[in-house]
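> What follows is a predicted structure for the sequence shown.
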Amino acid sequence: MKAEYINPFLESARIVIEQVAYIRPTTGKLGIKDMKFEENYIWIQIGMTGQMQGDIVFGLAEDVALRMVSAMMGGFVVTEMDEMGRSAISELGNMISGNASTMLFNQGVRVDITPPKIVQSATAASFIPKKALSIPLIMDNIGELDIQVLIT
């Protein structure tokens, strides 16, 4: 797994979060970790096809996801992850991945993305744990967004 696979997603996430939540995230430490779905998390899973095959998974603790949706809605306080919240967080993953796939295309890598899949429980994930290239984005007053790249 190459570290440069994560760079377009990292750059795209910074740009998109700054545009929709009006904050500039900072980058945590890049690493390889066992990818597994945890409870009390919101997971946005997006498949990649083409020259890169696999999944991009964005993970946020539920309270972080609520703060992110609130920021995306101009500060309107969101207290539960309802259909509107799931739609907003799903669109966040879609925007990040879409921009990243454009960046990859401009680097000569042709990829397509699948529609985002929101997973709120480990049992619903139907996902086999494996190693992922992972990097957290730290967002002041919101929390962390974990970007995990599982590309073959």
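That came through, no problem. Being a predicted model, the structure only gives us computed values, none of them experimental.

> looking only at pLDDT, what's the mean for the strand or helix carrying Ala71?
Using DSSP states H and E, the element containing Ala71 is helix 62-72. The average pLDDT for helix 62-72 rounds to 95.

> ok, now stretch 130-143?
For stretch 130-143, the mean pLDDT works out to 90.

> Which parts of it count as buried, going by neighbours?
Across stretch 130-143, burial judged by 16 or more other CB atoms under 10 Å covers Ala132, Leu133, Ser134, Ile135, Pro136, Leu137, Met139, Ile142, Gly143. Yep, even glycine has a C-beta here, placed from its N, CA and C like the rest.

> Tell me where the chain has strands.
With DSSP state E, the ranges of strands along the chain come out as 26-27, 31-35, 41-50, 54-61, 111-113, 117-119, 130-139, 143-151.

> Put together a markdown table for those, with distance to Glu18 on each row.
Output for the strands of the chain, formatted as a markdown table (distance: least, CB to CB, whole Å):
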| stretch | distance to Glu18 |
| --- | --- |
| strand 26-27 | 12 |
| strand 31-35 | 24 |
| strand 41-50 | 18 |
| strand 54-61 | 16 |
| strand 111-113 | 21 |
| strand 117-119 | 23 |
| strand 130-139 | 10 |
| strand 143-151 | 13 |
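
> By mean pLDDT, show me the worst of those strands.
Minimum mean pLDDT among the strands of the chain: strand 31-35, a mean of 83.
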